[in-house]
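In: sharing a model prediction with you, sequence too.
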Amino acid sequence: MAPGLPTAMDRPHFIGIGGAGMSGIAKILTQRGARVAGSDARESATAQALRALGATVHIGHDAAHVAPDATAIVVSSAIREDNPELARAKELGIPVVHRSDALAALMDGLRPIAVAGTHGKTTTTSMLAVSLSSLGLNPSYAIGGDLDAPGSNALHGEGDIFVAEADESDRSFHKYTPEVAIILNVELDHHANYASMDEIYDSFETFTSKIVPGGTLVIAADQAGAVELTRRIRDTTSLKVVTYGESESSDIRIHKITPRGLTSEVTVLLDGKLLTFTVSVPGRHYAHNAVAALAAGVALGIPARNLASALKAYTGVKRRLQLKGEVNGVQVIDSYAHHPTEMTADLEAMRSAAGDARLLVLFQPHLFSRTQELGKEMGDALALADASVVLDIYPAREDPIPGITSALIIDAARAAGADVQAAPDKDAAVAAIAGMAKPGDLVLTMGAGDVTDLGPRILTHLEG
């Protein structure tokens, strides 16, 4: 077995290897010397990148893809029991490992920072990965999205820090034992797995209980769910709890956020001194993410001033307000936002960046269950745009729910005063949004599904 590999992970097979979380673990294992194989539903740039590292990637799911000498089968919660590769693995008696257990094993013996929260995890994890790398600390990292720089969602570094996105959606973040944990926010989401806010709080409390003795919890001071979680654990925990935010009670207080086009200047009060730095992405919520990253780095003993300078190196994550191009004075930007809080934050950031220009949105709802629970709030968020086009719901792993369609969002948006229309298909959506756009406008493709593919098509339409 190659050195530095967890037990039984020298010849792993990943079912769904192209997913953001799965591919990151596969990349790190490959970089550590494992003989990695796996399958995915379709060809992708991720599959090609894994092959370039030496992994074997099959397209389509077939029992024949599972090598008899595989030492572990790695799955995510999205893999169903009737998957032919999973069935074959069980016939062969190959151990089945959830991706969270594989990631936890990769962190063993290092100094992990785990980034949790209902939203903002990918951005904050990425900010830490980039800033720590620019300081020469060579961290390992596993992120739920691809960075603009250094261009990957995961890396095996030679340093002793491991930065990981910690996913609460299926409670898999309970598997990690970080030295420093960040909780950005606590809200009700993932309705297939959580029935109430009490269940969410219980889950996050379990996560905080996994932080190593003497470790640090960095948690938001301005978000209601985070404040309530802090209240619940403060009297029972021996952890060092560091709060951050604009609240006067914050341990690290955000003194001022100054928008500067597609960047922000942030001033924080830390240890009685003001510290100002630049965040190379727009919006108040991204400034908060940067301060959370700063606080986590300081908790590991890294000088705040060094981190503040290094954070400027972060230039974004694909699909997190990523500029796709500009044609005839119209900028097309891609947003992964799919929860109402994320939608509102990105729309407010773009509204600030747009100035007097119009903001046009092509939105694709993500999941029937989320639309059922939060469709009204999604519609309210769309009222922040000058005009919106809404696609059908992207189902991902879910089966349809009777009566739950995009009409729930459209009706709520119109009730909130929004100019919004439905699109019967993607061709119509592209034509509609491109037809509205005028020089100076910002067009935002928004959602966690395949709406991201429409940005280039809108740009082509604008050229015509």
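Out: Good, I have the coordinates. Numbers count the residues shown, from 1 in each chain.
In: which SS class is the residue nearest to the spatial centre of the chain?
Out: Centroid-nearest residue in the chain: Thr122, 3.3 Å away (criterion: CA atoms, centre = their mean). The local conformation at Thr122, judged by DSSP: H, G, I helix; E, B strand; the rest coil, is helix.
In: try the one 5 residues further on
Out: Three-state call for Met127 (three-state DSSP): helix.
In: give me the pLDDT for the closest residue to it other than its chain neighbours.
Out: In space, and not counting its chain neighbours, Met127 is closest to Ala293: 4.2 Å by CB to CB, 6 or more residues apart in numbering. Every C-beta, even on glycine, is put in place using the N, C-alpha and C of the backbone. pLDDT recorded at Ala293 is 98.
In: show the contacting residues for Thr341.
Out: Contacts for Thr341 (CB atoms under 8 Å, 6 or more residues apart in numbering) come out as 118-119, 185, 187.
In: farthest-separated two in these?
Out: Using CB to CB, the two most remote members of the contacts of Thr341 are His119 and Glu187, lying 7.7 Å apart.
In: which neighbours do these two share?
Out: 339, 341.
In: who's more crowded, those two?
Out: His119 (22 against 18; other CB atoms under 10 Å).
In: does the more buried one lie in a helix or a strand, and which?
Out: His119 belongs to no helix or strand when elements are defined using DSSP states H and E.
In: show me what Ile252 is bridged to.
Out: For Ile252, the beta-bridge partners are Tyr244 (DSSP bridges).
In: which residues touch it?
Out: Residues counted as contacts of Ile252 (CB under 8 Å, 6+ apart) are 242-244, 268-270, 291, 294-295.
In: now, among these, which is nearest to Pro213?
Out: Distances from Pro213 to those, taken by CB to CB, are shortest for Val242, at 16.4 Å.
In: my reading is that the residue nearest to Met127 is in a strand; is that accurate?
Out: No: under three-state DSSP, Ala293 falls outside any strand and is assigned helix.
In: surely it touches Ala129?
Out: No: if you go by CB atoms under 8 Å, Ala293 and Ala129 don't touch, sitting 9.4 Å apart.
In: before we move on, the earlier item: and the residue nearest to Met127, how many neighbours?
Out: 31.
In: from Thr124, how far off is it?
Out: Taking CB to CB, to the nearest Å as the measure, Ala293 falls 5 Å from Thr124.
In: picking that back up, turn the contacts of Ile252 into TSV, columns for distance to His255 and neighbour count.
Out: Below are the contacts of Ile252 laid out as TSV (distance: CB to CB, whole Å; neighbours: other CB atoms under 10 Å):
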residue	distance to His255	neighbour count
Val242	17	20
Thr243	15	20
Tyr244	12	27
Val268	6	26
Leu269	5	16
Leu270	10	19
Val291	10	30
Leu294	13	27
Ala295	14	24
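In: residues in contact with Ala293?
Out: Neighbours of Ala293 in contact, by CB under 8 Å, 6+ apart: 124, 127-128, 131, 182, 307, 311.
In: which of these sits closest to Asp380?
Out: For the contacts of Ala293, the nearest to Asp380 is Thr124 (25.4 Å; CB to CB).
In: for the closest one, which non-adjacent residue is spatially closest?
Out: Asn289 (4.4 Å).
In: got it, and Asp399?
Out: Once flanking residues are discounted, Asp399 sits nearest to Phe368: 7.7 Å by CB to CB, 6+ apart.
In: run a quick neighbour tally on Ala396.
Out: Look at Ala396: counted by other CB under 10 Å, it has 13 neighbours.
In: any idea how far it lies from Ala67?
Out: On the measure of CB to CB, Ala396 and Ala67 end up 29 Å apart.
In: just the helices from the stretch 101-250 of the chain, written as ranges.
Out: Under the criterion DSSP state H, counting those that start in this stretch, helices of the stretch 101-250 of the chain are mapped to 121-134, 197-209, 224-234.
In: am I right that Ala290 is in a helix?
Out: Yes: assessed with three-state DSSP, Ala290 lies in a helix.
In: now for Gly60, how many residues are close by?
Out: 12.
In: start the count at 43 instead of 1 going forward.
Out: In the new count, where the first residue is 43, that last one comes out as Gly102.
In: that one contacts Ser81, correct?
Out: Yes: here Gly102 lies in contact with Ser81, judged by CB under 8 Å, at a distance of 6.7 Å.
In: where does pLDDT dip in the stretch 143-292 of the chain?
Out: Counting by pLDDT under 70, the stretch 143-292 of the chain contains low-confidence ranges at 187-193, 232-234.
In: all strands for it, in order.
Out: 153-158, 182-184, 196-197, 203-207, 222-225, 258-262, 282-287 (DSSP state E, counting those that start in this stretch).
In: these: which one's closest to Ala490?
Out: Nearest of those to Ala490, taken as CB to CB: strand 203-207 at 14.6 Å.
In: and that closest one, how far from the chain's centre?
Out: On the basis of CA atoms, centre = their mean, to the nearest Å, strand 203-207 sits 14 Å off its chain's mean C-alpha point.
In: so what does it touch, helix or strand wise?
Out: Contacts defined by 3 or more CB pairs under 8 Å, 6 or more residues apart in numbering; DSSP states H and E place strand 203-207 against helix 141-149, strand 153-158, helix 163-176, strand 182-184.
In: show me what the helix or strand harbouring Val472 packs onto, helices and strands only.
Out: Using DSSP H and E, the element containing Val472 is helix 468-478. When contacts are defined as 3+ CB pairs under 8 Å, 6+ apart, helix 468-478 packs onto strand 401-405, strand 429-432, helix 496-505.
In: starting at the chain centroid, how far to that helix?
Out: For helix 468-478, the separation from the chain centroid amounts to 27 Å (computed by CA atoms, centre = their mean).
In: one more: stretch 119-139?
Out: On CA atoms, centre = their mean, the centre of stretch 119-139 falls 27 Å from that of its chain.
In: contacts for it?
Out: 50-51, 54-55, 57-58, 61, 81, 103-105, 107-108, 110, 112-117, 140, 211-212, 214, 439.
In: just the closest of the contacts of Ile294 to Gly367, please.
Out: Once CB to CB is applied, the member of those that ends up nearest Gly367 is Val333, at 30.7 Å.
In: my guess is the closest one contacts Val284. True?
Out: No: using CB under 8 Å as the test, Val333 is too far from Val284 to be in contact (10.7 Å).
In: can you pull the contacts of Val283?
Out: 258-259, 261, 272, 275-276.
In: where does the stretch 293-442 of the chain dip in pLDDT?
Out: In the stretch 293-442 of the chain (pLDDT under 70), the answer is 359-361.
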